[in-house]
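Engineer: prediction below, plus the sequence it came from.
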Amino acid sequence: MAEFEETLSFELEDNRLLGLVYGGQDIHLRIIEHKLNVSISERGNTLFISGAKDDVSAAERVVIHLYDLAKKGFKVTADDVHGALGSLERYEEEHHAPFTGDIEPLQIKTRKKILKPRTVNQQKYIETILKNELTFGVGPAGTGKTYLAVAIAVAKLLEGEVQRIILSRPAVEAGEKLGFLPGDMREKVDPYLRPIYDALHDFLNPEEVVKKMETGEIEIAPLAFMRGRTLGKSFIIVDEAQNTTSVQMKMLLTRLGQGSRMVVAGDMSQVDLPVGMRSGLFEATQILKDIEGVGILEFSSEDVVRHPLIAKIVKAYDKEVQRRKGLN
């Protein structure tokens, strides 16, 4: 066994919160141990962390962060642990130095819950959306691109900063043909917006969602229906934007009106456009990257917060893509 450089002990004052911080069967502590290569033991409300100095310090900050979340009334989960660890890793990669600050995320307050970012990039994403009129969120599934955008949109609607939320996506999908589905265009597209509907119900009471859709405060607008409109005092969210063409993307972006904010989210590894057709999302991020008022946030597999296995799956696929490029 390697010789440890340091052992640190500290107390968590409120015994009632220890179960939340430690997790069932101390699973949260085991995750921290595995990720940071430290040893953690507890005696009541006193924790003992042993390992290399920087790793011990990082583990202490993660535990204190989880404790602070519990004190604020949050139900601490394994996702919070992975998110805090991801934040540490991202900071150290960017600054080439151990993380020494507090892990204090922004909070988004909606009717039903208070949402907090779980990674450094999620925090940056929220900051980017709040700062810019147009934000592109690009990266793999499970990173919270659309979910966080919906939360901010709901918060802005409740605060009266915008008058409506508009949800849209291109009618292109993997392995399915909309023309064979029953109903009009909205009825055809609705099933593909299910994740956004689910997010809305996480932040608003069900009867509120129905009422706001009836009054037009929440509007489902398939991309084809956006042409010719000018969208003022609106929060526009475009999901699956990797499947927009160049013409569609330009049309979409020029719909932005006074007092509006737009978030365009997509995953460039899941483009379902015909072979040889360039994604409007990729093109837009290249053309608009230096324009003031436009923010671009790129997520990676390290930001996946749904389940640790998803991050591994995304990494494996990314690795295979790079292998194939090497063969060409």
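Structural biologist: That came through, no problem.

Engineer: the closest residue to Leu204 other than its chain neighbours: neighbouring residues, count only.
Structural biologist: Excluding its sequence neighbours, the residue lying closest to Leu204 (Cβ to Cβ, 6 or more residues apart in numbering) is Arg111, at 5.1 Å. From N, CA and C alone the C-beta is placed, and that goes for glycine too. A count of neighbours around Arg111, defined by other Cβ atoms under 10 Å, yields 12.

Engineer: how about the helices of this protein, start to end?
Structural biologist: Remark: helices of the chain, listed N- to C-terminal, are 18-22, 27-36, 53-71, 78-95, 120-131, 145-159, 185-189, 194-203, 206-215, 246-253, 280-287, 308-327; assignment by DSSP state H.

Engineer: tell me the domain ranges of this protein?
Structural biologist: Domain ranges of the chain: 6-93, 112-175+183-308, per the TED database.

Engineer: rebuild the ones you listed as TSV, extending it with distance to Arg324 and mean pLDDT.
Structural biologist: Supplementary listing: those in TSV, determined by distance: least, Cβ to Cβ, whole Å; pLDDT from 0 to 100:
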stretch	distance to Arg324	mean pLDDT
domain 6-93	26	85
domain 112-175+183-308	13	85
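
Engineer: what's the closest of these to Arg323?
Structural biologist: Distances from Arg323 to each of the domains of the chain were compared by Cβ to Cβ, and the smallest falls on domain 112-175+183-308, at 14.3 Å.

Engineer: so what's the residue most central in space within the chain up against?
Structural biologist: With distances taken as Cα atoms, centre = their mean, Gly144 lies nearest the centre of the chain, 2.1 Å away. Contacts were defined as Cβ atoms under 8 Å, 6 or more residues apart in numbering; by that measure Gly144 touches Pro117, Arg118, Gln122, Tyr125, Asp303, Val305.

Engineer: between these, which is nearest Pro222?
Structural biologist: Using Cβ to Cβ, Tyr125 is the member of the contacts of Gly144 that sits closest to Pro222, with 25.1 Å.

Engineer: count the neighbours of the nearest residue to that closest one once chain neighbours are set aside for me.
Structural biologist: In space, Tyr125 comes closest to Leu297 once its chain neighbours are excluded; the distance is 4.6 Å by Cβ to Cβ, 6+ apart. For Leu297, the count of nearby residues is 23 (other Cβ under 10 Å).

Engineer: quick one: Leu297 from Met268, how far?
Structural biologist: 13 Å (Cβ to Cβ, to the nearest Å).

Engineer: find the residues that touch each one of the two.
Structural biologist: Val138.

Engineer: quick revisit: isn't the residue nearest to Tyr125 right up against Phe136?
Structural biologist: Yes: taking contacts as Cβ atoms under 8 Å, Leu297 lies within contact range of Phe136: 7.1 Å.

Engineer: roughly how far does Val271 sit from Lys53?
Structural biologist: Remark: distance between Val271 and Lys53 (Cβ to Cβ) = 45 Å.

Engineer: neighbour count winner among these two?
Structural biologist: The residue with more neighbours, out of Val271 and Lys53, is Val271; 20 against 12, by other Cβ under 10 Å.

Engineer: pretty sure the more buried one is touching Asn243, no?
Structural biologist: Yes: the pair formed by Val271 and Asn243 meets the contact definition of Cβ under 8 Å, at 6.5 Å.

Engineer: next, show the common contact partners of those two.
Structural biologist: A shared contact of Val271 and Asn243, defined by Cβ under 8 Å, 6+ apart, is any residue touching both; here these are Ser279.

Engineer: nice, that's everything, thank you.
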